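Visitor: Here is a sequence with its predicted model. Questions after.
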Amino acid sequence: MTKSIVISGPPAVGKTTVAKGLANEFNLTYLSGGDVLKEMAREQGFEVDGNDWWDTKDGMKFLEQREKNSEFDKKVDEKLIELFKGGGMVITSYTLPWLVENGIKIWLAASHDSSSKRMQNRDNMSSKEAFEVTKERYDKNKSIYKKLYDFNFGEDVSVFDAIINTDNLTANQVIEMSKETVRNLL
């Protein structure tokens with residue numbers, strides 16, 4: 001497959017799970033935009049170990065730093081755009097769908113309750129903590145991208161080829177729907 005796919009959606013919606021499933025199904029290279037950003041955080045002296053790093057105090061501190069300095073996000077996005085244009089990738093990214101043409105763009109939608117329950121189970125958090133973390137991450141990222149690129153993350157989904165509501169679906173069901181979506185868009 002020569003096209004690239006980008007998976008986007010709010011925090012804790014299942015982007016990574018779906019992207020890895022699509023990479024496996026279509027023999028694509030998987031890349032997490034968040035992992036690229038974590039590498040930049042590591043370069044700034046942050047300890048970025050663990051999949052739930054974004055939800056830690058250090059992860060939230062880096063998010064605050066990003067609010068003040070958009071250079072981190074710009075550099076990550078430049079790299080992701082270049083890789084996306086090369087084809088053969090499936091990338092998770094909050095911003096990429098608004099920054100590239102072509103390829104396949106899928107938005108994974110979910111209620112805030114659903115995302116926070118997923119985070120609670122995935123990261124072994126209390127219900128209250130997961131709800132607060134997902135809300136803060138969503139709101140701050142939305143603010144960063146509005147200021148940086150002037151799009152409304154999570155509200156303007158007109159750039160997407162498909163929107164899949166993940167509420168009340170298992171991870172396998174979402175992966176299967178995503179595979180079918182990609183097949184229909186090829």
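Guide: Received it, and whenever you're ready, just let me know what you need.

Visitor: This protein: strands as residue ranges?
Guide: Applying DSSP state E to the chain gives strands spanning 5-8, 29-32, 89-92, 104-109, 162-165.

Visitor: Among these, show me which one is buried the most.
Guide: Stretch with highest mean neighbour count among the strands of the chain: strand 5-8 (a mean of 28; mean count of other CB atoms under 10 Å). (Each C-beta comes from the backbone N, C-alpha and C, glycine too.)

Visitor: Not counting that strand itself, show me its contacts.
Guide: Under the criterion CB atoms under 8 Å, 6 or more residues apart in numbering, residues 15, 18-19, 22, 26, 28, 84, 89-94, 96-97, 100, 103-108, 160, 178, 182 lie in contact with strand 5-8.

Visitor: again, only using 6 Å
Guide: 15, 18-19, 22, 90-94, 96-97, 104-107 (CB atoms under 6 Å, 6 or more residues apart in numbering).

Visitor: Using a markdown table, lay out the strands of the chain together with mean pLDDT and distance to residue 146.
Guide: Formatted as a markdown table, the strands of the chain follow (pLDDT from 0 to 100; distance: least, CB to CB, whole Å):
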| stretch | mean pLDDT | distance to residue 146 |
| --- | --- | --- |
| strand 5-8 | 97 | 15 |
| strand 29-32 | 94 | 23 |
| strand 89-92 | 96 | 20 |
| strand 104-109 | 97 | 17 |
| strand 162-165 | 96 | 20 |
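
Visitor: residues contacting the closest residue to residue 157 other than its chain neighbours?
Guide: Closest residue in space to residue 157, ignoring its immediate chain neighbours: residue 107 at 5.1 Å, by CB to CB, 6 or more residues apart in numbering. Contacts for residue 107 were tallied using CB under 6 Å, 6+ apart; they are 8-9, 157, 160, 163.

Visitor: please redo it, this time with the cut-off set to 10 Å
Guide: When contacts are counted by CB atoms under 10 Å, 6 or more residues apart in numbering, residue 107 touches 6-10, 13, 15, 97, 154, 157, 159-165.

Visitor: shaky segments in this structure?
Guide: Within the chain, the segments meeting pLDDT under 70 span 1, 51.

Visitor: Helices of that one, residue ranges please.
Guide: 15-26, 33-43, 57-68, 71-86, 96-99, 112-123, 127-149, 171-185 (DSSP state H).

Visitor: Can you tell me how far the closest residue in space to residue 151 that isn't next to it in sequence is from residue 113?
Guide: Take residue 151 and drop its neighbours on the chain: the residue closest to it by CB to CB, 6+ apart is residue 98, 4.7 Å away. Separation of residue 98 from residue 113 (CB to CB, to the nearest Å) stands at 26 Å.

Visitor: the more surrounded of these two?
Guide: Ranked by neighbour count (other CB atoms under 10 Å), residue 98 and residue 113 place residue 98 first, with 21 against 13.

Visitor: Cross-check the contact I'm expecting between that one and residue 153.
Guide: Yes: if you go by CB atoms under 10 Å, residue 98 and residue 153 touch, sitting 8.3 Å apart.
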